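**Student:** this one's structure only:
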């Protein structure tokens with residue numbers, strides 16, 4: 001979703017950043033791709049779209065244009081979630097991420113039933129994500 005992106009300052013969205021539903025970890029891929037982490041955040045689905053977009057715009061503006069141009073690697077920790085929440089989170093991020101995505105890694109649910117369901121569901125829903133999403 002590339003649109004006219006207005007630069008944001010951390011001070012402008014400090015309350016949104018304090019929630020830490022996503023952060024730039026400082027990690028890099030082999031090719032220098034910046035890593036954005038989405039930790040376990042139970043209220044992820046309740047974050048307003050504007051707030052989500054503000055944080056994503058800010059985080060993707062921090063790396064240099066060269067590094068951001070390579071694409072971002074996302075690590076989404078949903079080990080304590082249910083499959084339906086995992087799918088909703090991945091679809092939301094993919095639909096509104098304001099920069100290039102190189103890779104999305106999902107830490108799958110750890111409960112036996114949810115883990116099994118996520119394995120099966122990811123096989124059948126890969127086309128829904130329209131990106132490479134390995135499940136770890």
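**Tutor:** Great, that's in hand. Just so it is clear, the model here is predicted, and its values are computed rather than measured. Numbers count the residues shown, from 1 in each chain.
**Student:** hey, let's count contacts and neighbours off CA atoms from now on
**Tutor:** Noted.
**Student:** Tell me where this protein has strands.
**Tutor:** In the chain, the strands defined using DSSP state E lie at 23-28, 34-38, 72-77, 101-107.
**Student:** Which of these has the lowest mean pLDDT?
**Tutor:** When the strands of the chain are compared by mean pLDDT, strand 101-107 comes last with a mean of 86.
**Student:** Tell me the buried residues in that strand?
**Tutor:** In terms of neighbour count (16 or more other C-alpha atoms under 10 Å), strand 101-107 has its buried residues at 101-107.
**Student:** Looking at those, which one is closest to residue 32?
**Tutor:** residue 102 (11.1 Å; C-alpha to C-alpha).
**Student:** thinking again about what came up before, mind putting the strands of the chain in JSON lines, distance to residue 62 included?
**Tutor:** As requested, those are arranged in JSON lines below (distance: least, C-alpha to C-alpha, whole Å):
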{"stretch": "strand 23-28", "distance to residue 62": "9"}
{"stretch": "strand 34-38", "distance to residue 62": "10"}
{"stretch": "strand 72-77", "distance to residue 62": "12"}
{"stretch": "strand 101-107", "distance to residue 62": "15"}
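**Student:** Indicate which one of those is closest to residue 54.
**Tutor:** Going by C-alpha to C-alpha, the one of those nearest residue 54 is strand 23-28, 12.4 Å.
**Student:** Output the contacting helices and strands for that closest one.
**Tutor:** strand 34-38 (3 or more C-alpha pairs under 8 Å, 6 or more residues apart in numbering; DSSP states H and E).
**Student:** what inclination does the strand it packs on have with respect to strand 72-77?
**Tutor:** Computed by axes from the mean of the first three to the mean of the last three C-alpha atoms, to 10 degrees, the angle separating strand 34-38 from strand 72-77 equals 20 degrees.
**Student:** strands paired with strand 34-38, and their directions?
**Tutor:** Using DSSP bridges, the strands paired with strand 34-38 are strand 23-28 (antiparallel), strand 72-77 (parallel).
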